[in-house]
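Trainee: give me a 3D structure for the following:
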Amino acid sequence: MTTSFIHNAVLLQESIDALAINPDGIYLDGTFGRGGHSQQILNALSAKGRLIALDRDPQAIASAERFADDPRFSIHHVTFSQLSDVAEELQLVGKIDGILLDLGVSSPQLDDAERGFSFMRTGPLDMRMDTSKGLSAAQWLAKADEQDITQVIKELGEEKFGKRIAHGIVNARAIAPIETTTQLAAIIDEAVPVKDKFKHPATRSFQAIRMYINSELDEIRSALKAALTTLSPGGRLAVISFHSLEDRIVKRFVREQSKGLNVPHGMPIFQSEIDAAKALKAIGKAIMPSPSELKQNVRSRSAVLRVAEKL
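Mentor: Numbers count the residues shown, from 1 in each chain. Below is the predicted model of the structure:
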């Protein structure tokens, strides 16, 4: 029997509004998930419109079957960093009217113990978004150097006890393989000397290991660059982040692509030449979930939506 896990698309209406959808346009949902955003985009499209969806998760690809009879829709089993490759294959480079990226991990991934993302449920320590390739978290932790584990947990998890946690992991694996989520959570719990009463001790470490296993920050950097070449002039880029490191990358990218040529002060160059090098302009300020959304979906609390338009 197949278990169905509910996913509430975060900042749903805000992200759809941000795309300023042209009913006859071509749009790309780089993180299909369970299709919440895709469904709303399709609702806004005419019979001439088109939606291309991407996802690296085989379960997400399978869930897109309900759209199989919609000729406006297609889905591709790739990471969102490959969006320009898909656009090139479809001969749509520079013709996409809007791209939506909903970063991070989805509720179905967290809620399914077999995926190994959550320390709250016992399951195999996997954490791969694409279960068809790459090392699982258990495989990486079994062989990684203590220094590498420390670096991942401190930098990606912003965990001040990263060194203690890594030392605890290395000591524990010398006794027995670390194969389940609750095993790892217990090791981290024991290693952390000071507990945060509002947050489980394993929260940051699990997040960090997941981000490393899936190369999430590199994926974001590559996807943002790919979006520039894929969007049409006037096309919108909407990105929902759930982590400060993710949002920092998006914010910096938009800022850098919005400022034009970086020339030394006093160099004889026209302002028009500086402006001509601008690739994007930011649209409005960062958008956060409304109080009503926060009340309905606590997982939306860290979400930030940033929007830019290609010049």
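Trainee: the helices in the stretch 1-150 of the chain, which residues?
Mentor: Here the stretch 1-150 of the chain has its helices, by DSSP state H, counting those that start in this stretch, at 12-19, 36-44, 58-63, 83-89, 107-111, 137-143, 146-157.
Trainee: okay, those in CSV with mean neighbour count next?
Mentor: C-betas here are computed from N, CA, C, even on glycine. Output for those, formatted as CSV (neighbours: other CB atoms under 10 Å):
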stretch, mean neighbour count
helix 12-19, 19
helix 36-44, 19
helix 58-63, 18
helix 83-89, 18
helix 107-111, 18
helix 137-143, 18
helix 146-157, 19
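Trainee: lowest average pLDDT across those?
Mentor: When mean pLDDT is averaged over each of the helices of the stretch 1-150 of the chain, helix 107-111 scores lowest at a mean of 86.
Trainee: what's the offset of that helix from the middle of its chain?
Mentor: Going by CA atoms, centre = their mean, to the nearest Å, the spacing between the C-alpha centre of helix 107-111 and its chain's C-alpha centre is 14 Å.
Trainee: equivalent analysis for stretch 98-114, please.
Mentor: 7 Å.
Trainee: report the buried residues of that stretch.
Mentor: 98-113 (16 or more other CB atoms under 10 Å).
Trainee: which residue lies nearest the spatial centre of the chain?
Mentor: Leu103 (1.9 Å; CA atoms, centre = their mean).
Trainee: returning to what we had before: with respect to Ile178, which of the helices of the stretch 1-150 of the chain lies nearest?
Mentor: With CB to CB as the criterion, Ile178 lies closest to helix 137-143 of these, at 5.6 Å.
Trainee: thinking again about what came up before, over to the residue nearest to the centre of the chain: give its phi and psi.
Mentor: Per-residue torsions, Leu103: phi -80, psi 170 (degrees, to the nearest 10).
Trainee: OK, contacts around it?
Mentor: Residues near Leu103 by CB atoms under 8 Å, 6 or more residues apart in numbering: Thr31, Glu216, Ile220, Val239, Ile240, Ser241, Phe242, His243, Glu246.
Trainee: how about Phe80: what's its closest non-neighbour residue?
Mentor: Gly30 (3.5 Å; CB to CB, 6 or more residues apart in numbering).
Trainee: the one you found and Ile99 touch, don't they?
Mentor: Yes. The criterion here is CB atoms under 8 Å, and Gly30 meets it with Ile99 at 6.2 Å.
Trainee: which neighbours do these two have in common?
Mentor: In contact with both Gly30 and Ile99: Leu83, using CB under 8 Å, 6+ apart.
Trainee: point out where the protein drops to low pLDDT.
Mentor: Along the chain, the parts satisfying pLDDT under 70 run over 1-7, 260-277.
Trainee: hey, which strand is longest across it?
Mentor: As assigned by DSSP state E, the longest strand anywhere in the chain is strand 231-241.
Trainee: run through who's touching the next helix or strand along the chain from that one.
Mentor: Counting by DSSP states H and E, the element after strand 231-241 in chain order, helix or strand, is helix 244-258. Outside helix 244-258, the residues within contact range by CB under 8 Å, 6+ apart are 103-104, 156, 158, 211, 216-217, 220-221, 224, 228, 239, 241, 278-282, 286, 304, 306, 308.
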